[in-house]
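Engineer: here are the coordinates; sequence isn't available:
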């Protein structure tokens, strides 16, 4: 079982680490520009796209769980239908985002209050980056399908290719052509469409012969669409809560000034690095748990749950130690401003504690997605956001300042893990009998 976990987890870890690496390189490039507002603009622009694109993350997560069930049951036709439906939803969703782009950016800055410089460059970033929506959403669907088919290598190839290309273009546009945040946006757009071309090529290379031709009528069969959208709905609501939390974090950081916004943006990179690394095991959980449920293999199902939690928690402990030992050195990778480094160190304890707490809920997320037990996962997120995160923030902001934002984030992550653990006996461990 450990070999199966690592076979899926290691490629996912490698590919996932390249995602915050891209974000970290972008932060480091922009963090060295004259003017803190460039970094603030990148944070705000990134937050808006996180809100938009994370809202469609059900295309990745829902597709993985449903496909893994079909794979475990050896139902190739159903697996083909799931991919077709996900791609159709991705195309329709991306067209809607492009058509509504002016409304989306205008509404964003009715909510977000920041300096004029930050707003100007964030709007510029958005106006360019929105055109990668079709490639981004279709990549969600295709990579989720690959994972459901127990293939973690293809998503690794795609993610590394996209992010290395993105970094190269960003460096070229910023240092070669003298651009600011618009260079980061152009680099992202070009890299995403290049990644989509690679994904299509890998699909036909690896699955073209086994992919069953499906007519449009079968894609639109009500029963199949209903199941897809029920799972997608729950993941969408869960993701909206997640997006809200991180958006709220950024908005409140901006309200405390450009320096706090810059510092919190830098420290959040450490959270992203941890989340994407541990998500390697969470993605493995999605693939394996879904597969064992589809195959009705209760013994390996329960063994996988336990081992995945051990691997995830161990990885989290490793990151806490690394952050503790190399905090100053890692901060200097993101900015050469000594005042920002000194300010960041006053909040570093929250980042050191985070991996131990966060990894627990990340693994449970993967288990629930693989089991397509999306209802309790949705409820867990609603409880953690509405009854923990917001109350903790508002009860402490008046006397803790920026520490209140970090305390609320830690409490939120802990609540997610605890509620998912409490739901597990009914919604996870009782799914299959030991046979």
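Structural biologist: Structure's in. What do you need? Since the structure is predicted, the reported quantities are computational estimates derived from the model, not experimental observations.
Engineer: quick check: residue 13 touching residue 275?
Structural biologist: No - using Cβ atoms under 8 Å, residue 13 makes no contact with residue 275, being 11.6 Å away. Quick note: C-beta positions are derived from backbone N, CA and C, even for glycine.
Engineer: now for residue 147: which residues touch it?
Structural biologist: Residues near residue 147 by Cβ atoms under 8 Å, 6 or more residues apart in numbering: 8, 12, 64, 67-68, 155, 283, 286-287.
Engineer: closest one of the residues you listed to residue 142?
Structural biologist: Distance to residue 142 across the contacts of residue 147 (Cβ to Cβ) is lowest for residue 155, with 8.6 Å.
Engineer: could you find the closest non-adjacent residue to the closest one?
Structural biologist: Leaving aside its chain neighbours, residue 155 sits nearest to residue 143 (4.3 Å; criterion: Cβ to Cβ, 6 or more residues apart in numbering).
Engineer: before we move on, back to that, can you tell me which of the contacts of residue 147 is closest to residue 55?
Structural biologist: Looking across these and measuring by Cβ to Cβ, the closest to residue 55 is residue 64, at 17.1 Å.
Engineer: which element is the closest one on?
Structural biologist: Using DSSP states H and E, residue 64 maps to helix 58-72.
Engineer: average pLDDT across the next helix or strand after that helix?
Structural biologist: Next helix or strand after helix 58-72 toward the C-terminus (DSSP H and E): helix 76-99. For helix 76-99, mean pLDDT rounds to 89.
Engineer: quick one: helix 76-99 to chain centroid distance?
Structural biologist: Computed by Cα atoms, centre = their mean, to the nearest Å, the separation of helix 76-99 from the middle of its chain amounts to 19 Å.
Engineer: and that helix, which residues are buried?
Structural biologist: 78-87, 89-90, 93-94, 97 (16 or more other Cβ atoms under 10 Å).
Engineer: ranges for the helices of the stretch 201-350 of the chain?
Structural biologist: With helices called from DSSP state H, counting those that start in this stretch, the stretch 201-350 of the chain shows them at 216-219, 222-255, 258-294, 298-325, 327-332, 338-345, 348-370.
Engineer: list the buried residues in the last one.
Structural biologist: Neighbour-count burial for helix 348-370 flags 348, 350-370 (criterion: 16+ other Cβ under 10 Å).
Engineer: repeat that for the fourth one.
Structural biologist: When neighbours are counted by 16+ other Cβ under 10 Å, the buried residues of helix 298-325 are found to be 298, 300-302, 304-305, 307-309, 311-313, 315-316, 319-320, 322-323.
Engineer: mind showing which ranges of the stretch 301-435 of the chain have poor pLDDT?
Structural biologist: Residue ranges of the stretch 301-435 of the chain with pLDDT under 70: 431-435.
Engineer: so which residue is smack in the middle of the chain?
Structural biologist: residue 54 (6.8 Å; Cα atoms, centre = their mean).
Engineer: for stretch 349-358, give me every contacting residue.
Structural biologist: 267, 270-271, 274-275, 278, 313, 315-320, 323-324, 327, 403, 406-407, 409-410, 413-414, 417.
Engineer: now for the helix or strand hosting residue 192, which elements pack on it?
Structural biologist: Taking DSSP H and E as the criterion, residue 192 maps to helix 181-207. Packed against helix 181-207 by the contact rule (3 or more Cβ pairs under 8 Å, 6 or more residues apart in numbering; DSSP states H and E) you find helix 2-31, helix 36-54, helix 116-129, helix 133-148, helix 153-171.
Engineer: buried residues in it?
Structural biologist: Neighbour-count burial for helix 181-207 flags 181-196, 198-199, 202-203, 207 (criterion: 16+ other Cβ under 10 Å).
Engineer: next one: stretch 160-178
Structural biologist: Judged by neighbour count using 16+ other Cβ under 10 Å, the buried positions of stretch 160-178 are 160-163, 165-167, 169-170, 173-174.
Engineer: avg pLDDT for that stretch?
Structural biologist: 84.
Engineer: residue 114: what secondary structure?
Structural biologist: coil (DSSP: H, G, I helix; E, B strand; the rest coil).
Engineer: number of nearby residues for it?
Structural biologist: Other residues near residue 114 come to 22 when the count uses other Cβ atoms under 10 Å.
Engineer: which residue packs closest to it, ignoring adjacent ones?
Structural biologist: Spatially, and ignoring its direct neighbours in sequence, residue 114 is nearest to residue 254 (4.7 Å; Cβ to Cβ, 6+ apart).
Engineer: residue 323 now?
Structural biologist: residue 352 (4.7 Å).
Engineer: now do residue 98
Structural biologist: In space, residue 98 is closest to residue 133, 5.8 Å off (Cβ to Cβ, 6+ apart).
Engineer: for that neighbour, what are its contacts?
Structural biologist: 52-53, 93-94, 97-98.
Engineer: residue 236 versus that one, what's the distance?
Structural biologist: Taking Cβ to Cβ, to the nearest Å as the measure, residue 133 falls 16 Å from residue 236.
Engineer: and for residue 194?
Structural biologist: According to Cβ to Cβ, residue 194 stands 28 Å off from residue 236.
Engineer: let's verify residue 430: helix, strand, or coil?
Structural biologist: Quick answer, by three-state DSSP: residue 430 is coil.
Engineer: let me have the contacts of residue 133 in JSON lines, adding distance to residue 248 as columns.
Structural biologist: Shown next, in JSON lines, are these (distance: Cβ to Cβ, whole Å):
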{"residue": "52", "distance to residue 248": "16"}
{"residue": "53", "distance to residue 248": "18"}
{"residue": "93", "distance to residue 248": "24"}
{"residue": "94", "distance to residue 248": "26"}
{"residue": "97", "distance to residue 248": "22"}
{"residue": "98", "distance to residue 248": "26"}
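Engineer: taking those, tell me the two that lie furthest apart.
Structural biologist: Comparing all pairs in the contacts of residue 133 by Cβ to Cβ, the longest separation belongs to 53 and 98, at 13.0 Å.
Engineer: quick one on the thing from earlier: which one of the helices of the stretch 201-350 of the chain lies closest to residue 123?
Structural biologist: helix 222-255 (14.8 Å).
Engineer: could you name the helices and strands sitting against that closest one?
Structural biologist: With contacts defined as 3+ Cβ pairs under 8 Å, 6+ apart, helix 222-255 has these neighbours: helix 36-54, helix 58-72, helix 76-99, helix 258-294, helix 374-383, helix 390-400, helix 402-427.
Engineer: buried set for the fifth one?
Structural biologist: This points to helix 374-383. Neighbour-count burial for helix 374-383 [16+ other Cβ under 10 Å]: 374-381, 383.
Engineer: of those residues, closest to residue 260?
Structural biologist: Out of the buried residues of helix 374-383, the member with the shortest distance to residue 260 (by Cβ to Cβ) is residue 381, at 26.4 Å.
Engineer: skipping its backbone neighbours, what lies nearest residue 295 in space?
Structural biologist: Take residue 295 and drop its neighbours on the chain: the residue closest to it by Cβ to Cβ, 6+ apart is residue 72, 3.9 Å away.
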